[in-house]
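# using only what follows, build the 3D model:
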Amino acid sequence: MLFRTVYGPELQSIAEFIKIQGSVNKETIYRTFLPVLNEKSGPSDNLDDALSFLVAGRIIERQFNGKYISCFESRSFHDQLYRNLRSFQLSLSQTDNPNDRWFFEVLDQLFIKTDQSLHFGLHKKINALDIPEKLSEEKVNAWKRVAECVGLGYRVYSGFMCAIHPERLKEIVVSWSESEGPLQVFLEEHLNNYLPWNSHKGDISLSLKVSLHHLHSNRLISLGTKQDLPFRSYCGDQRFNWISKEALT
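Predicted coordinates for the structure are as follows:
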């Protein structure tokens, strides 16, 4: 199950460690990551939850012999995590728990579709959705921590602001097989594999639009308008319909 009481930073550290080791048992992971005080290891609950999260997210796999192996040999941690969570949300991949597809569905329904980047009272709002199993406040807080850690936004007092980190968006743009093309094609055929992005208005949600403009203003990508293209335009009155990533190639 993905809704576990993890902190966030440990996920990538553990995943990268297993990727480097190739095949590793739980005892080795314990020795590496658990603090030792007076020759005794600290409690393993949070580490066990992190391992369970990574298994549920298809970032690592536990083999029959009990050892863990990596499932993201050719991708970065964030690239693989985003793709897997999005695939769960769209029901393109099987999940271990019916709530797992809601890790991104919460993001989509509360922030992306509504085009509202900031919400407070998330525990009540998430449980008001059609989520199969209601979440405790502790698990909602863990969702916020992980979402912030993997670049989906920021914790703001008791709430959460969804704002995709520019570095994460840049990584997604870099992985696009084209150097330039219609913005609609990039959004629907590439970005859509990683993140929910379209608001109820049919435009790019504010949570992604800000980061897209950041990359554009820093000349990492170029957003523009080409005449007579048979594709949609985005970003309101700016009416962008073309994207180029020449600065990133």
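# from here on, contacts and neighbour counts on C-alpha atoms
Will do.
# now the spatially most central residue of the chain, nearest residue through space, not along the chain?
With distances taken as Cα atoms, centre = their mean, Tyr82 lies nearest the centre of the chain, 4.1 Å away. Spatial nearest neighbour of Tyr82, chain neighbours left out: Tyr194 (5.1 Å); criterion: Cα to Cα, 6 or more residues apart in numbering.
# count of neighbours near the one you found?
20 (other Cα atoms under 10 Å).
# these two touch, right, it and His78?
No: using Cα atoms under 8 Å, Tyr194 makes no contact with His78, being 9.7 Å away.
# any idea how far the residue nearest to Tyr82 is from Leu85?
8 Å (Cα to Cα, to the nearest Å).
# hmm, who's touching stretch 225-232?
Stretch 225-232 has contacts (Cα atoms under 8 Å, 6 or more residues apart in numbering) with 182-184, 239-242.
# okay if I get those residues as CSV plus secondary structure and pLDDT?
Formatted as CSV, those follow (DSSP: H, G, I helix; E, B strand; the rest coil; pLDDT from 0 to 100):
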residue, secondary structure, pLDDT
Pro182, strand, 97
Leu183, helix, 97
Gln184, helix, 97
Arg239, coil, 92
Phe240, strand, 94
Asn241, coil, 95
Trp242, strand, 96
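# Glu180: what's it in contact with?
Counting by Cα under 8 Å, 6+ apart, Glu180 has contacts 242-246.
# which of the residues you listed are buried?
Among those, the ones that count as buried by 16 or more other Cα atoms under 10 Å are 242-245.
# so where is this structure shaky, pLDDT-wise?
By pLDDT under 70, the weakly predicted segments of the chain are 37-41, 73-74, 248-249.
# next, Gly66: secondary structure please.
coil (DSSP: H, G, I helix; E, B strand; the rest coil).
# hang on, it packs against Asn25?
Yes: if you go by Cα under 8 Å, Gly66 and Asn25 touch, sitting 6.4 Å apart.
# higher neighbour count, those two?
A count of neighbours by other Cα under 10 Å puts Asn25 above the other of Gly66 and Asn25, at 15 against 12.
# quick one: residues contacting the residue nearest to the more buried one when sequence neighbours are not counted.
Excluding the flanking residues, the one nearest Asn25 by Cα to Cα, 6+ apart is Lys67, at 4.3 Å. Contact analysis of Lys67 by Cα under 8 Å, 6+ apart lists 23-26.
# tell me how far Lys67 lies from Ala142.
26 Å.
# cool, and Val185?
Applying Cα to Cα to Val185 and Ala142 gives a distance of 34 Å.
# ok, now Asp79?
21 Å.
# returning to that earlier point: pull the distance from the helix or strand containing the residue nearest to the centre of the chain to the chain's centre.
Assigned by DSSP states H and E, Tyr82 belongs to helix 77-89. Helix 77-89 sits 6 Å away from the centroid of its parent chain (Cα atoms, centre = their mean, to the nearest Å).
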